[in-house]
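Novice: Pasting a predicted model and its sequence here:
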Amino acid sequence: MRAESEPDEDDFGPAENVTMLALLRFSAHGLDVGADQDTAGLDTVLVAADGQRYPLRPIIERAIAGEEAVELVMEFVDGIILDQQAAAFDSVGNDELHRMIRTMVVSSEEAAQLGSTYAIPVAGGLVAVLGVQFPSSSTLLPDRYTAGRDVDDLFARGLRNAMTEPVELRELERGSRVFVGDSNYIATKMLGMAQLLAEHNIVAPHGLLFGAPNPNLLYVHVLADRASLAAVRNFAMMVAGQAAQSDAALSRDLFIWRNDRIELAGVVDDAVELRMDVTGLLLATVLELAGPNWTHDMFGVAAADDTDVEHEPDARAPLELSDDEFSDRIRTRVVSDDLVTALGLSYATPIAPGLRLVLCLDGEDEVLFVTDDMVATRDIVQLLATGQRNTMDEPMDTTQDIGPGITGLYGESMFTASKALGMAELIGTVLPLAPYGVLFGVPHRHVLYVHVITGSESIEAVARLAAHVDKTAKDGPIPGGPVSAWTYYWHEGSVDVVAGVNERGVQVDGSGRFGALMESFTAV
């Protein structure tokens, strides 16, 4: 029987709105909740499958008074869910948790909203968190339930469990495929891509592009030849279209998987235009499949950063340069080990773990990597010396303090980060004197982060610098792709790795020259 206090027609709108929003919110949490048909208006009551009743009168009254209905409903429903989760988690033992745990890929925004501080970055705004699969619903593992537990072990168990979730593989047009399932952990299988491909007899020696428009879908597109590159835009539109239709959209962008590594490969903007970021892993694949003369036109799209174009050149034109022209254009450049491997530059010189010194030719419209053929008939020592002078002459646009004792050197030049190779020249000019050396990071080609060591305060500074370098290197897309997410120590011309960030946070190497220096500062 309907309550006599049912509001008049003018007040019925807010009540209906709150009721609809609450039902949708409960459904998003995987709970079967409906409205009691004998209630309405201010006296509307929702009823769960287990008989639990949730009166909406307090929420409806606040909505009528002018408060935002969406926020009221989210606070109301999420509070109920958190109370239920707390009770459920409190009753779960370790063995049962290990059986129920699932690794899950979500957006970084969703992880932040849920307060998941243990989340691990994947790529391009996606992070891995831990979920728990209850019999009738799933939920993310709250931070407080990770205390005292081995989070690494939980992630490993969670991924193993997620990989067992049932999935169906469907063939699509132009060589693309999609993995489909009822489970919310299908997209998470990107973290176990090698296993997933092996289970379905898919071979991808050059890697593949993938998209995760929602938790139940994982699109894949093997990169095998020029034809597969030409089909990339079509593949991207399928992913973006599915994301637009999904109530629980995850990402509309493209990612590349290669050799168990994942990077952002392409961004679909609000105008549904694809912009490819051909750097890092994707650059390595494109060079293998299309050769040195590749262009962004082969994808049918623009470059993600179309103001700076770089690729391995057609070797004939640079070989025709005179010695003076070659010397004017030559630059030294610091790049990642992966890029050197992809380009096959045997002359590349190791600087430190993860970093190599190579040569480039700087032209008006493009920057070309110098190949082995180009240096075969020239004095490599002289080229390196000339290139270093030219790199140090490149302009720096701004110098900015980004934290206590940490300075960022920025420039539009592709060789800004490479000024780290001339650290001795920077000291006493751009930087103050540094008798104890300098900590530095080169997350990408347009920035050099530095901290001049002055004493024991550098123990804290190295952690701050490492966190900043890592975040800058991994928050893509970034121009030219990442160089290194590690932090290095320079002293008297030698460079060592001293810090990095993993799932446990900042890790500082206390051994070697830097560790000994820090010990000398703290010695009594």
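Specialist: Cool, got the structure. As the structure is a computational prediction, the values presented were derived from the model and not from experiment. Residues are numbered from 1 along each chain as shown.
Novice: What values do phi and psi take at the spatially closest residue to Glu492 that is not a sequence neighbour?
Specialist: Nearest residue to Glu492, sequence neighbours excluded (Cβ to Cβ, 6 or more residues apart in numbering): Gly437, at 7.4 Å. Every C-beta, even on glycine, is put in place using the N, C-alpha and C of the backbone. Note on Gly437: its backbone torsions stand at phi 110, psi -170 [degrees, to the nearest 10].
Novice: Gly437 contacts His491, doesn't it?
Specialist: Yes. The criterion here is Cβ atoms under 8 Å, and Gly437 meets it with His491 at 3.2 Å.
Novice: residues shared between the contacts of these two?
Specialist: Arg513 (Cβ atoms under 8 Å, 6 or more residues apart in numbering).
Novice: Next one: Leu465 relative to Tyr410, how far apart?
Specialist: 16 Å (Cβ to Cβ, to the nearest Å).
Novice: Neighbour count for the two, which is higher?
Specialist: In terms of neighbours (other Cβ atoms under 10 Å), Leu465 is the more surrounded of Leu465 and Tyr410; the figures are 26 against 16.
Novice: Tell me the confidence at that one?
Specialist: With respect to pLDDT, Leu465 scores 93.
Novice: List the residues that contact the residue most central in space within the chain.
Specialist: Nearest residue to the geometric centre of the chain (Cα atoms, centre = their mean): Ala123, 2.3 Å. Taking Cβ under 8 Å, 6+ apart, we find Ala123 in contact with Phe255, Ile262, Glu263, Leu264, Lys474, Gly476.
Novice: Can you give me every residue that contacts the second one?
Specialist: Think Ile262. Val122, Ala123, Met190, Met193, Phe255, Ile256.
Novice: Also the fifth one?
Specialist: With contacts taken as Cβ under 8 Å, 6+ apart, Lys474 has the following neighbours: Pro121, Ala123, Pro482, Ala485.
Novice: switch to 6 Å and redo it
Specialist: Applying Cβ atoms under 6 Å, 6 or more residues apart in numbering to Lys474 gives the contacts Pro121.
Novice: how close does Leu355 sit to Val73?
Specialist: The gap separating Leu355 from Val73 is 52 Å, by Cβ to Cβ.
Novice: again, but for Val495
Specialist: 55 Å.
Novice: Looking at the two, which has the bigger crowd around it?
Specialist: Shown here are Val495 and Val73; by other Cβ under 10 Å, Val73 has more neighbours (23 against 20).
Novice: That one: what secondary structure?
Specialist: helix (DSSP: H, G, I helix; E, B strand; the rest coil).
Novice: ok, now Asn161?
Specialist: Reduced to three states by three-state DSSP, Asn161 is helix.
Novice: Pretty sure it sits against Met104.
Specialist: No. Using Cβ atoms under 6 Å, Asn161 makes no contact with Met104, being 10.4 Å away.
Novice: From the neighbour counts alone, determine which of those two ranks first.
Specialist: Met104 (26 against 19).
Novice: what helix or strand does that one sit in?
Specialist: Met104 is located in strand 101-107, with elements delineated by DSSP states H and E.
Novice: Remind me what that strand packs against, helices and strands.
Specialist: strand 126-133, helix 151-163 (3 or more Cβ pairs under 6 Å, 6 or more residues apart in numbering; DSSP states H and E).
Novice: Give me the mean pLDDT for that strand.
Specialist: 90.
Novice: could you give the angle of it to helix 151-163?
Specialist: 90 degrees (axes from the mean of the first three to the mean of the last three Cα atoms, to 10 degrees).
Novice: Return the set of buried residues in strand 101-107.
Specialist: Ile101, Arg102, Thr103, Met104, Val105, Val106, Ser107 (16 or more other Cβ atoms under 10 Å).
Novice: roughly how far is it from the heart of the chain?
Specialist: 15 Å (Cα atoms, centre = their mean, to the nearest Å).
Novice: Just the CA coordinates for that strand, please, in PDB.
Specialist: Only the C-alpha atoms of strand 101-107 are listed here, as PDB (Å, rounded to 0.1, in the frame of the first residue of the first chain):
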ATOM      1  CA  ILE A 101      42.100 -12.400  -5.400                       C
ATOM      2  CA  ARG A 102      42.300 -11.000  -9.000                       C
ATOM      3  CA  THR A 103      44.600  -8.500 -10.500                       C
ATOM      4  CA  MET A 104      42.600  -5.900 -12.400                       C
ATOM      5  CA  VAL A 105      43.400  -3.100 -14.800                       C
ATOM      6  CA  VAL A 106      41.500   0.100 -14.200                       C
ATOM      7  CA  SER A 107      42.000   3.800 -15.100                       C
END
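Novice: List the strands paired with it, with their directions.
Specialist: According to DSSP bridges, strand 101-107 forms sheet pairs with strand 126-133 (antiparallel).
Novice: Any chance you could list what contacts the partner strand?
Specialist: Contacts of strand 126-133 (Cβ under 6 Å, 6+ apart): 100, 102-106, 108, 111, 116, 119-122, 138-141, 154, 158.
Novice: count of residues packed around the nearest residue to Ser484 once chain neighbours are set aside?
Specialist: Sequence neighbours aside, Gly354 is the residue nearest to Ser484 in space, at 4.7 Å (criterion: Cβ to Cβ, 6+ apart). The local packing of Gly354 (other Cβ under 10 Å) involves 18 other residues.
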